[in-house]
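Colleague: what's the 3D shape of this:
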Amino acid sequence: MGASKCSSSGIFAVIIFFLIYNVYVLPLAHAQSPAPAPAPTSDGTSIDQAIAYVLMLVALVLTYLIH
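Modeller: Coordinates of the predicted model:
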């Protein structure tokens with residue numbers, strides 16, 4: 001009786017080992033490196049727009065203070 005219990009637990013351990021191997025190790029073998037990030041496409045318009053907003057805010061504050 002003891003031998004059959006040991007054998008069934010050994011088979012169970014082997015099944016668990018192969019299950020873990022198939023779930024975690026095999027996908028790592030097929031993994032690919034991520035694609036490189038795209039180059040920045042800013043042509044400076046967002047920077048120009050931010051400067052324009054700041055200058056408009058300064059003009060608004062100066063106009064408010066002068067009146």
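
Colleague: next, Ala39: secondary structure please.
Modeller: Here Ala39 takes the coil state, with states given by DSSP: H, G, I helix; E, B strand; the rest coil.

Colleague: tally of neighbours for it?
Modeller: Residues near Ala39, counting by other C-beta atoms under 10 Å, number 6. Glycine gets a C-beta too; all of them are placed from N, C-alpha and C.

Colleague: distance of it from Ser46?
Modeller: For Ala39, the distance to Ser46 equals 16 Å [C-beta to C-beta, to the nearest Å].

Colleague: what's the answer for Ile66, then?
Modeller: On the measure of C-beta to C-beta, Ile66 and Ser46 end up 31 Å apart.

Colleague: higher neighbour count, these two?
Modeller: Legend: neighbour count by other C-beta under 10 Å for Ile66 and Ser46, higher for Ser46 (9 against 6).

Colleague: whichever strand or helix holds the more buried one - what's its average pLDDT?
Modeller: Assessed by DSSP states H and E, Ser46 sits inside helix 45-66. Computed over helix 45-66, the mean pLDDT rounds to 91.

Colleague: so what's the residue count around Tyr53?
Modeller: Other residues near Tyr53 come to 10 when the count uses other C-beta under 10 Å.

Colleague: what's the distance between it and Ile47?
Modeller: Noted for Tyr53: a distance of 11 Å to Ile47, by C-beta to C-beta.

Colleague: repeat that for Thr41.
Modeller: Using C-beta to C-beta, Thr41 is found at 13 Å from Ile47.

Colleague: and those two? Which one has more around it.
Modeller: Taking neighbours as other C-beta under 10 Å, Thr41 and Ile47 compare with Ile47 leading, 10 against 5.
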